[in-house]
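**Q** okay, here's the prediction I keep looking at, along with the sequence it came from:
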Amino acid sequence: MNKILLSKFLRARQSFHRVAQCRLKVDYEQRGTTCVALLKHLDIANVLSGGNEVILDPTAIFKLSEHTYCPRESITRQLFYEHGGVSFNMFMKWKQIQCHPALYNKTSDTEPASVVDFVNQEIEITNFPQPIKNKSQEFFIVMKDNATKSVLISQRDIFVNVNMSTLKPAPYADHCKELFNDTTCNKGPEIHDQVEKRCQSVAECPQNTLYTKYDKVSARQIDFQGHLNQGHYVDFVFDCLAEAMMKGVVHGISSVFERRIKTISVLYVKESKFGDELNTTVWMDDSDSMLFKFHVRRDSDLICQAEISLY
């Protein structure tokens, strides 16, 4: 990877261009709590390319799925006013993104898709909220090629309801449970049950790691609650892995463009705020050379844990 390509690669996560011609189609009466977003095509900024090699920016995957959460935010505001300020205070606890082979539009393990193939896809993203448990709620998200109906990405998110006074997990209000229950919620396709849940408990970081990258939380990375936006942790771990490969410390792989992302799993442990100095450390799984594990820390405090597996 030359310096021009590296510069382009790192700039891709400095800003996220809006998805062009996005139409959000939601019919609450026919679809219940399920939300569908139809994207006419991707923005070119969603794609990272190196020569004939192409990958979809991991942060773009994260951002695209957020389109389907917009209707839920409208419901949140409505419930807030209807029930005296008691509503959702949901914080992301865990996320897993599964990239299926159809995403890369390849007929073999070595044939890459082109930038044109990526950008010209019309994509349907469907979010299937699951029944609320006592203090948590899970969401199933499926991203399909609207022409072929091939599954490109399947995703699982777990949110925890938090008491803003104590900052600890708290039971959902009854009116929230009435909205998301076994009757109103669509379980969604079985594909989610076929994917192993990973990275759901904290793993010990070994003494011998591959690489550590240092970052400082900037103002543009902060969300409305004053925390580092959850999507930027994906930036940190992916950039850490990319730099490790370029430094030559990952045996047999010198660039992220040599492989395709299979899964990204993230466990959120603590919040991070503006000005925090974070260090992201990557190591390779002992039994799988295509599985990389990460800790994001503030000094010795674990903020986030992640895994990335490659095809």
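**A** Structure received.
**Q** please make it C-alpha for all contacts and neighbour counts, starting now.
**A** Fine.
**Q** how about low-confidence regions in the protein?
**A** 1-32, 40-56, 67, 70-88, 105-119, 192 (pLDDT under 70).
**Q** quick check: domain ranges of it?
**A** 1-195, 198-311 (automatic domain parsing).
**Q** got JSON lines for those, with mean neighbour count too?
**A** Shown next, in JSON lines, are these (neighbours: other Cα atoms under 10 Å):
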{"stretch": "domain 1-195", "mean neighbour count": "17"}
{"stretch": "domain 198-311", "mean neighbour count": "17"}
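**Q** next one: the most centrally placed residue in the chain from residue 171, what distance?
**A** The residue lying closest to the centre of the chain (Cα atoms, centre = their mean) is residue 62, at 3.7 Å. Using Cα to Cα, to the nearest Å, residue 62 is found at 27 Å from residue 171.
**Q** could you pull out the helices for the stretch 151-300 of the chain?
**A** Under the criterion DSSP state H, counting those that start in this stretch, the stretch 151-300 of the chain contains helices at 174-179, 231-246.
**Q** can you lay out those as CSV showing distance to residue 257?
**A** Shown next, in CSV, are the helices of the stretch 151-300 of the chain (distance: least, Cα to Cα, whole Å):
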stretch, distance to residue 257
helix 174-179, 43
helix 231-246, 9
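**Q** of all those, which one is nearest residue 162?
**A** Nearest to residue 162 among the helices of the stretch 151-300 of the chain is helix 174-179 (13.5 Å), distances taken as Cα to Cα.
**Q** in terms of secondary structure, what does the closest one contact?
**A** Judged by 3 or more Cα pairs under 8 Å, 6 or more residues apart in numbering; DSSP states H and E, helix 174-179 has no packing partners among the helices and strands.
**Q** go with 10 Å
**A** Contact here means 3 or more Cα pairs under 10 Å, 6 or more residues apart in numbering; DSSP states H and E; on that basis helix 174-179 packs against helix 70-82.
**Q** how far away from the center of its chain is the helix or strand following the helix it packs on?
**A** Where DSSP states H and E defines the elements, the next helix or strand beyond helix 70-82 is strand 90-99. Its chain's C-alpha centre and that of strand 90-99 lie 6 Å apart, by Cα atoms, centre = their mean, to the nearest Å.
**Q** output strand 90-99 as CSV, nothing but the C-alphas.
**A** Below are the C-alpha coordinates for strand 90-99, written out as CSV (Å, rounded to 0.1, in the frame of the first residue of the first chain):
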residue,chain,number,x,y,z
MET,A,90,-30.7,3.0,25.7
PHE,A,91,-27.0,2.5,25.5
MET,A,92,-25.2,0.1,23.1
LYS,A,93,-23.8,-2.9,25.0
TRP,A,94,-22.8,-5.3,22.3
LYS,A,95,-22.8,-5.4,18.5
GLN,A,96,-21.9,-8.0,15.9
ILE,A,97,-21.7,-7.5,12.1
GLN,A,98,-21.5,-10.6,9.8
CYS,A,99,-20.4,-9.9,6.3
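**Q** can you tell me the strand partners of it and which way each runs?
**A** strand 151-163 (antiparallel), strand 261-268 (antiparallel) (DSSP bridges).
**Q** next, give phi and psi for residue 197.
**A** phi -80, psi 130 (degrees, to the nearest 10).
**Q** make sure it is actually in contact with residue 156.
**A** Yes: look at residue 197 against residue 156 with Cα atoms under 10 Å: they come within range, at 8.8 Å.
**Q** shared neighbours of these two, which are they?
**A** Contact criterion Cα atoms under 10 Å, 6 or more residues apart in numbering; residues shared by residue 197 and residue 156: 94, 95, 96, 265.
**Q** turn those into JSON lines, columns for distance to residue 179.
**A** Output for these, formatted as JSON lines (distance: Cα to Cα, whole Å):
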{"residue": "94", "distance to residue 179": "22"}
{"residue": "95", "distance to residue 179": "23"}
{"residue": "96", "distance to residue 179": "25"}
{"residue": "265", "distance to residue 179": "28"}
